[in-house]
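**Student:** Can you look at this prediction? I've put the sequence above it.
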Amino acid sequence: MYVELGKVVGIWGVKGWIKLHSYTRDRVDIANYPRWWLQPKAAKGSPLEFQVLKCREQGQGIVAQLDGVNDGDEAQALIGRVILIAEQDLAELPEGEFYWQQLVGLEASNLQGESMGKVETILETGANDVLVLKRDGESGIEEVLIPYVPHVVKKIDLAQGTMVVDWDLAYLD
C-alpha cells in the first residue's frame, strides 16, 4: 500500500534534479523518506521506485536528486508523476494521533448514534483541520464539515472503521 506525499512539478537545473510540491505538513518533511515511487500521471502502470540522493528547500519550493535521473530530459519525463511512499515507511505515531489517510473512509456517528456520514477528505484551515464527510441527505448527497479537534472528535476506532463525534444533526440545517 502506498501513501501519496506530493507530485513532480518541474525540473531544476541541467543535472536531472526535479522540482516538487510536497503534501507533508512541513513541506521539507518529504526529505525524510529515502525511497519514493513515482506513479504515472493517469495512474496507469506500476510506479517506478527511486532512491532519493538529495532533497532540500530551494527558494519557495523543494528540489530533489533521484538516483538514475542524470539530465534534464530524464527529469522532464517525470513531471506530473505522483510521489508515493510505502505505507510501512511512515513513522509510528504516538497513541491517539493518526495520519490523514487513516481517517479517510471512516464512518462517523454522533454521540446519539446517528450517522453523520463517511470521511471523504480533510482540509487544513490554519486554525484547525476540518473533516469533510459525505452523507445521504433529503436532497441527495450532503457535505458535512466537522472540526477535527479533541472536544468534537471523541473516539476513533481504526479496526472498526468508525469515529464518534460530538456533533448534532441540527447543526446541518
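**Tutor:** Nice, thanks for sending it over.
**Student:** ok, now how distant is the closest residue to Val82 other than its chain neighbours from Pro47?
**Tutor:** Residue nearest to Val82 in three dimensions, not counting chain neighbours: Gln39, with 4.3 Å by CB to CB, 6 or more residues apart in numbering. No exception for glycine: its C-beta is placed from N, CA and C like everyone else's. Computed as CB to CB, to the nearest Å, the Gln39 to Pro47 distance reads 4 Å.
**Student:** Find residues that contact each of these two.
**Tutor:** Tyr2, Val82, Leu84 (CB atoms under 8 Å, 6 or more residues apart in numbering).
**Student:** mind listing which of the residues you listed are in strands?
**Tutor:** Tyr2, Val82, Leu84 (DSSP state E).
**Student:** With respect to pLDDT, which of the residues you listed ranks lowest?
**Tutor:** Least confident entry in those, by pLDDT: Tyr2, with 87.
**Student:** Contact partners for the nearest residue to that one once chain neighbours are set aside?
**Tutor:** Spatial nearest neighbour of Tyr2, excluding adjacent residues (CB to CB, 6+ apart): Leu84 at 3.9 Å. By CB under 8 Å, 6+ apart, the contact set of Leu84 is Tyr2, Val3, Glu4, Leu5, Trp36, Trp37, Leu38, Gln39, Pro47.
**Student:** Tell me where the protein is predicted with low confidence.
**Tutor:** For the chain, the stretches flagged by pLDDT under 70 are 42-43, 173.
**Student:** ok, which stretches of it are helices?
**Tutor:** Using DSSP state H, the helices of the chain run over 72-76, 100-103.
**Student:** hang on, Tyr148 packs against Val132?
**Tutor:** No: in terms of CB atoms under 8 Å, Tyr148 does not count as a neighbour of Val132; the distance is 10.0 Å.
**Student:** What distance do you get for Cys55 to Ile83?
**Tutor:** According to CB to CB, Cys55 stands 10 Å off from Ile83.
**Student:** neighbour count winner among these two?
**Tutor:** Taking other CB atoms under 10 Å, Cys55 and Ile83 do not tie; Ile83 has more neighbours (27 against 22).
**Student:** need the contact list for the closest residue to the more buried one other than its chain neighbours.
**Tutor:** Nearest residue to Ile83 in three dimensions, chain neighbours excluded: Gly6, at 4.2 Å (CB to CB, 6+ apart). Contacts for Gly6 (CB under 8 Å, 6+ apart) come out as Leu20, His21, Ser22, Tyr23, Thr24, Ile30, Ile62, Val82, Ile83.
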